[in-house]
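S.K.: what would the 3D arrangement of this be:
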Amino acid sequence: MLARITLILVLFLSISLHSQQNKYFDAPFGGGIGYVPGWYMPNIDPVNFEMNKIGMPELSTGGFYSSGIGGFIYIGFVKHLRVGGMGFSGSTSSTQSIGALKREVLYKLGGGGLTIEYTIPIIKDFGVSVGATVGAGTMTVNIFSNSSSINWEKIWNGESNSTNTVMDNNFWMLTPTLNLDWPIYRFVVLRLGVGYQLTFGDSWTADNDQPLLGVPSDLNGNSFFVQSGIFIGFFSF
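M.R.: Residues are numbered from 1 along each chain as shown. Here you go, the predicted model:
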């Protein structure tokens, strides 16, 4: 998906720059693509509640690092409006060793989609944009438990001393965002932004896509986040 987003943005950017040569502009134009790190803070209290029951250290409630790629282009025929795409993923984990027994709980969150943003026209030299991301994502909780080494044959015979439970929550998302883009050079822009990921239409499955019942209602992909980024392209605010 990220490769397709990248290709589309590059093609649109090339067309836009070619069509806008030798003209003067009274609105932002251009676009670019770049790396977008972030910090997500979803509610993981339901997971920590269960981990306390089995005596495992809790997952951090302060959030976790995410990395991704994003890009945008001003569409030209609608002043100050830009469209693009983004994708991200991040995780946090907790491990515990009791003798030969090793346990780990891994929480992962990721997604991507179409971005639509409007750059506030009264602000010059900087790109201050409000908008939203519309897309889909997945939240995964993995539980690992094993002791000593793992035997190849025993895995296939169902006699392995290792267990792995995978719980997935697939969802649609609508994410309002506010971003500040600071052009440090005509071809380089730094970004700082915030947003809130709202999820809906989610469904839980476990292991080989079997329906998972009884999941706490407050365990979902909703999350406040802070993001930054560095973009390479052609920009004029």
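
S.K.: every contact and neighbour count from this point should use C-alpha atoms.
M.R.: Fine.

S.K.: isn't Pro42 right up against Gly63?
M.R.: Yes - Pro42 lies in contact with Gly63 (C-alpha atoms under 8 Å); the separation is 6.9 Å.

S.K.: with just CA atoms, put the longest strand seen in the chain into CSV.
M.R.: Among the segments of the chain that qualify as a strand by DSSP state E, the longest is strand 162-185. Output in CSV follows, covering the C-alpha atoms of strand 162-185 (Å, rounded to 0.1, in the frame of the first residue of the first chain):
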residue,chain,number,x,y,z
SER,A,162,5.8,-22.8,23.0
THR,A,163,2.4,-21.1,22.6
ASN,A,164,1.5,-18.0,20.7
THR,A,165,-1.9,-16.3,20.7
VAL,A,166,-2.7,-13.6,18.2
MET,A,167,-5.6,-11.3,18.7
ASP,A,168,-6.4,-8.8,15.9
ASN,A,169,-8.8,-5.8,15.8
ASN,A,170,-9.4,-4.6,12.3
PHE,A,171,-11.1,-1.2,12.0
TRP,A,172,-11.9,1.8,9.8
MET,A,173,-10.6,5.1,11.0
LEU,A,174,-11.3,8.9,10.7
THR,A,175,-8.5,11.0,12.1
PRO,A,176,-8.7,14.8,12.4
THR,A,177,-5.3,16.4,12.3
LEU,A,178,-3.6,19.8,12.7
ASN,A,179,-0.2,20.2,11.1
LEU,A,180,2.5,22.9,10.9
ASP,A,181,4.9,22.6,8.0
TRP,A,182,8.0,24.8,8.1
PRO,A,183,10.0,25.0,4.9
ILE,A,184,13.7,25.2,5.8
TYR,A,185,14.6,25.1,2.2
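
S.K.: from here on, call the first residue 493.
M.R.: New numbering, starting at 493: the last item is strand 654-677.

S.K.: tell me the helix or strand right after it.
M.R.: Proceeding N to C from strand 654-677, the next assigned helix or strand is strand 680-698, under DSSP states H and E.

S.K.: which SSE is immediately downstream of that next one?
M.R.: Heading C-terminal from strand 680-698 (DSSP H and E), you reach strand 702-703.

S.K.: I'd like to know how far the most centrally placed residue in the chain sits from Leu705.
M.R.: Central residue of the chain (C-alpha atoms, centre = their mean): Phe580, 2.9 Å from the mean position. Distance from Phe580 to Leu705, counting by C-alpha to C-alpha, to the nearest Å: 27 Å.

S.K.: just Thr691 next, same as before
M.R.: The gap separating Thr691 from Leu705 is 19 Å, by C-alpha to C-alpha.

S.K.: more neighbours: those two, which one.
M.R.: Under the criterion of other C-alpha atoms under 10 Å, the comparison of Thr691 against Leu705 puts Thr691 first, with 19 against 10.

S.K.: please name the bridge partners of the residue nearest to that one when sequence neighbours are not counted.
M.R.: Sequence neighbours aside, Met665 is the residue nearest to Thr691 in space, at 4.3 Å (criterion: C-alpha to C-alpha, 6 or more residues apart in numbering). When assigned by DSSP bridges, Met665 has beta-bridge partners Gly627, Thr691.
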